[in-house]
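Enquirer: give me coordinates for this.
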Amino acid sequence: MRFTRQVLLLQIGVVVLVVGLGVALVSSLLRTTLSRQYGERALAIAKSVAADPVVVAGAAARQRGGPLEERVQAVTKATDVLFVVITDDHAIRLAHPTPHEIGQRVSTSAEEALAGKDVVSAVQLGTLGVSVRSKTPIWQGSRVVGEVSVGFDITDLTGAFNDLLALTLVFGGGALLLGAGASALLNRRLRRVTHGLEPHELTELLYEHEAVLHGIGEGVLAVDAEHRVTVGNDEAERLLGTPLPVGAPLEELDLSPRVHKAVAEGRPVDNLLAVAGNRVLVINSRAVQRDERALGTVLTFRDRTDLDTLTRELDGIRSLSDGLRAQRHEFANRLHTLSGLLQLGHHAEAEEYLQTLTETTASHAEPLDDRVTDPYLQALLVAKTEQAQEKGMELRLADDAWVPASVTDPIAAGTVIGNLVDNALHAARMGPRRPAWVEVGLLADDSALHVSVVDSGPGIDAALRESLFDEGVSTKLSPGHGLGLALARQAARARDGDVWLADPGGATTGALFVAKLPGLLDRPEETDA
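Expert: Numbers count the residues shown, from 1 in each chain. The predicted model follows:
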């Protein structure tokens, strides 16, 4: 049996049980109430008879029949009761609807009434059958001289009860039909909400949902139509660098502006680049609709940082290989020249030419040997120098550069210095000054590394100075740029440092960017000042 049908039958069973218990309770209360009401009516009639002076005098004189019998017959006819009985103080009948019962002892106990107490709603069997009766004493002064008993036929009580019970059953039946109808509607609603799926199917879907959501390598974030978080997996929290509590408004979370942009646009977004912490993320988003109703947006995130790192390293290796290839070609030309001089017998000229080559090579490699000792920084600067030379520019190290320490985080150093140098090379190449050049300053301050990069470019336009470090802001015309400075600043701030524009440029130089990277250097114990 389907789960929804089980629920329907269970609900109908509960409704039947509740209605049945309600009807039984109401029936019991009705019978008790009716019996009480009939008893109180009988007591009121008995008290009125017991207060009659004729009845008091007759009971005190133990007078049988006569005026007492007339009173009994009149009251019985006027009130439509089953009987009115008057006894003396020994429970001997003085008046009775059946004349031959006069002078006989009453068939039910009259002790309480003769003791001066009222008896109300006693259902008893007497000579006239089962009745609901009440009894009251007859007082003559302070002395009880008899009692009056008044009873209603039990069939009167049963008839009234049956009428009320029939009305109660009508209402109970209506409640039962209403409950069954409500259960059917609820069952229909349940089938529609669950799309007809059984509980075990919903459980399997939940397991599959959790397995897929937390098993894939991409970050997933879903928001509803009001931009509140509905689903977010662990990978999304790791990539975005912030918790994603369910129900939290998206605008209250510390996310990249491009994430908010992807949600706000309400249309598919493909391969949108954004910076989160020290990561470059690729964002894709899709709006979700059902029956022409907007349900929200689903975003996926992929980490492009590793790919960018490999690409940057590959670019450096390619630049270095291109430089080595050019040097090899130049070296081959020099060897040919030297060989020609020797073959022609110009030994003095060959020796002079060889000495000149040795001095040039030595002087070319000298700047990086003494002032920057870290091999990673040396390799980075050599690669960038070869890259600059290949493009007809000069990259030089500042005169006051001094870094006698090792770098503890090459990735952070490469992200900051590499992006700043790349931007400076582009600005120098696009600038009007020739020859184009870029100067890099590196200075160690205990464990902090200070970086300055200045170029011969045109400087930074005033319109871009405030938004220069925002994602997507770039002076390059081709798409896919605008992340280098944002990524550099994120990497610096992740180490409690920063990157900023120290000078937008002027008549003699281009823009000057400065970075501070605390804790980047692992300095040995100081041996001298």
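
Enquirer: assumed Ser149 was part of a strand.
Expert: Yes - when DSSP: H, G, I helix; E, B strand; the rest coil is applied, Ser149 is found to be in a strand.

Enquirer: and it, what is it in contact with?
Expert: Shown in contact with Ser149 (CB atoms under 8 Å, 6 or more residues apart in numbering): 46, 83-87, 106, 108, 110, 113, 133-135. Heads up, the C-betas are built off the backbone N, CA and C, glycines and all.

Enquirer: now the helices for the stretch 401-529 of the chain?
Expert: Counting by DSSP state H, counting those that start in this stretch, the stretch 401-529 of the chain has helices at residues 410-430, 484-493.

Enquirer: only the buried residues of the longest one, if you could.
Expert: Translated: helix 410-430. For helix 410-430, burial by neighbour count (16 or more other CB atoms under 10 Å) applies to 410, 412-429.

Enquirer: stretch 12-24 too?
Expert: Neighbour-count burial for stretch 12-24, counted by 16+ other CB under 10 Å, picks out Ile12, Val15, Val19, Val23.

Enquirer: mind checking which of those are in helices?
Expert: Among the buried residues of stretch 12-24, the ones falling in helices (DSSP state H) are Ile12, Val15, Val19, Val23.

Enquirer: just for the protein, where's the confidence low?
Expert: Scanning the chain for pLDDT under 70 picks out 156-157, 214-215, 278, 305-313, 315-316, 319-320, 322-330, 357-369, 472-482, 523-529.

Enquirer: hmm, who's touching stretch 50-62?
Expert: Contacts for stretch 50-62 (CB under 8 Å, 6+ apart): 49, 63, 66-68, 71, 86-89, 92, 94-95, 136-140, 145-148.

Enquirer: what about the residues you listed, which are in helices?
Expert: Counting by DSSP H, these contribute Val49, Pro67, Leu68, Arg71 to helices.

Enquirer: and the spatially closest residue to Gly196 that is not a sequence neighbour, how far is that from Leu206?
Expert: Among residues not flanking Gly196 along the chain, Thr4 sits closest, at 8.0 Å (CB to CB, 6 or more residues apart in numbering). Thr4 sits 18 Å away from Leu206, going by CB to CB, to the nearest Å.

Enquirer: those two: which is more packed in?
Expert: Higher neighbour count among Thr4 and Leu206: Thr4, with 19 against 10, using other CB atoms under 10 Å.

Enquirer: on the three-state scheme, the more buried one is what?
Expert: Under three-state DSSP, Thr4 comes out as helix.

Enquirer: after the helix or strand harbouring Glu386, which helix or strand is next?
Expert: Per DSSP states H and E: Glu386 is located in helix 375-390. Reading on from helix 375-390 to the C-terminus, the next helix or strand found by DSSP H and E is strand 394-397.

Enquirer: and that next one, what does it pack against?
Expert: Helices and strands touching strand 394-397, by 3 or more CB pairs under 8 Å, 6 or more residues apart in numbering; DSSP states H and E, are helix 347-371, helix 375-390, strand 437-445.

Enquirer: how near is Val19 to Ser28?
Expert: Val19 sits 15 Å away from Ser28, going by CB to CB.

Enquirer: just the CA trace of whichever strand or helix holds Val56, in PDB.
Expert: Assigned by DSSP H and E, Val56 belongs to helix 53-60. Only the C-alpha atoms of helix 53-60 are listed here, as PDB (Å, rounded to 0.1, in the frame of the first residue of the first chain):
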ATOM      1  CA  PRO A  53     -50.800  23.300  54.900                       C
ATOM      2  CA  VAL A  54     -53.300  20.700  54.100                       C
ATOM      3  CA  VAL A  55     -50.600  18.100  53.400                       C
ATOM      4  CA  VAL A  56     -48.700  19.100  56.500                       C
ATOM      5  CA  ALA A  57     -51.800  18.700  58.700                       C
ATOM      6  CA  GLY A  58     -52.900  15.400  57.000                       C
ATOM      7  CA  ALA A  59     -49.400  13.900  57.400                       C
ATOM      8  CA  ALA A  60     -49.200  15.000  61.100                       C
END
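
Enquirer: offset the numbering so it begins at 25, please.
Expert: Sure, I'll start numbering at 25, so the last one becomes helix 77-84.

Enquirer: report the spatially nearest residue to Val144, omitting neighbours in sequence.
Expert: Closest to Val144 by CB to CB, 6+ apart is Gly63, at 4.5 Å.

Enquirer: ok, back up a step: Leu226 is nearest to which of the helices and strands packed on strand 418-421?
Expert: helix 399-414 (54.9 Å; CB to CB).

Enquirer: can you list the helices and strands that that closest one packs against?
Expert: Counting by 3+ CB pairs under 8 Å, 6+ apart, helix 399-414 packs on helix 329-367, helix 371-395, strand 418-421, helix 434-454, strand 461-469.

Enquirer: residues making contact with stretch 208-227?
Expert: Stretch 208-227 is contacted by residues Arg26, Phe27, Thr28, Arg29, Val31, Leu32, Gln35, Leu229 when judged by CB under 8 Å, 6+ apart.

Enquirer: what is the nearest of those to Pro542?
Expert: Closest approach to Pro542 among these (CB to CB): Leu229, at 49.7 Å.
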